[in-house]
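Novice: How does the following fold in three dimensions:
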Amino acid sequence: MKLVRQLLQAKGLDVWSIAPDASVYEALELMADKNVGAVLVLDAGRVVGILSERDYARKVMLRGISSKDTPVREIMTKEVLFVRLDDSIEACMVVMTDKRVRHLPVIEDDQLIGIISIGDVVKGIISDQQFTINELEKYITGGAYRPENPIAR
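Specialist: Numbers count the residues shown, from 1 in each chain. Below you'll find the predicted structure:
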């Protein structure tokens, strides 16, 4: 079972953030530039919210509000859920599914460490499952795992 710590080691610790007084447009530019679906909203180094593509679609786009004139603080999600380095990726999947969120910041000792996405969690779960399948195949065949050529079947 993989832990959040292992996901972050694989993906890196980059966290993209924006100030609450920045415009939504600036946040969208940052998300597009960094190819991410959400940015954390930091005020004096403290997480005060998260802004996602979903927030933009529901709170700006559908209401006809101008993204250039609207500050991030007006549309960000203020109740941010967090996970810790030693949480399992399965536990993260449960939180993401139950709370319908796609991004979870990672904190340890009140310090922001990183952020994981639903894509990171799914990749980790698939990797764990593939490892288990490979180990079971080795056990069943009594030897080293040698993947078959699926084209030769």
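Novice: residue closest to the middle of this protein?
Specialist: What sits nearest the mean C-alpha location of the chain, by CA atoms, centre = their mean, is residue 117, with 1.5 Å.
Novice: which residues does that one contact?
Specialist: Counting by CB atoms under 8 Å, 6 or more residues apart in numbering, residue 117 makes contact with 36-38, 102-103. For every residue, glycine as well, the C-beta is placed using N, CA and C.
Novice: Can you turn the buried part of the residues you listed into a PyMOL selection?
Specialist: This is the PyMOL syntax for the buried subset of the contacts of residue 117, where burial follows 16 or more other CB atoms under 10 Å:
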select buried, resi 36+38+102+103
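Novice: So residue 68 belongs to a strand, correct?
Specialist: No - according to DSSP: H, G, I helix; E, B strand; the rest coil, residue 68 belongs to no strand; its state is coil.
Novice: Hmm, residue 28 and it touching each other?
Specialist: No - the criterion here is CB atoms under 8 Å, and residue 68 misses it with residue 28 at 9.8 Å.
Novice: Neighbour count for these two, which is higher?
Specialist: When residue 68 is set against residue 28 and neighbours are counted by other CB atoms under 10 Å, the residue ahead is residue 28, at 19 against 10.
Novice: what about the more buried one, which SS state?
Specialist: Here residue 28 is recorded as helix under three-state DSSP.
Novice: Against residue 95, how distant is it?
Specialist: According to CB to CB, to the nearest Å, residue 28 stands 26 Å off from residue 95.
Novice: All the strands of this structure, residue numbers only.
Specialist: Secondary structure of the chain, counting by DSSP state E: strands at 17-18, 38-43, 46-52, 103-108, 111-117.
Novice: who does residue 42 bridge with?
Specialist: Beta-bridge partners of residue 42, counted by DSSP bridges, are residue 47.
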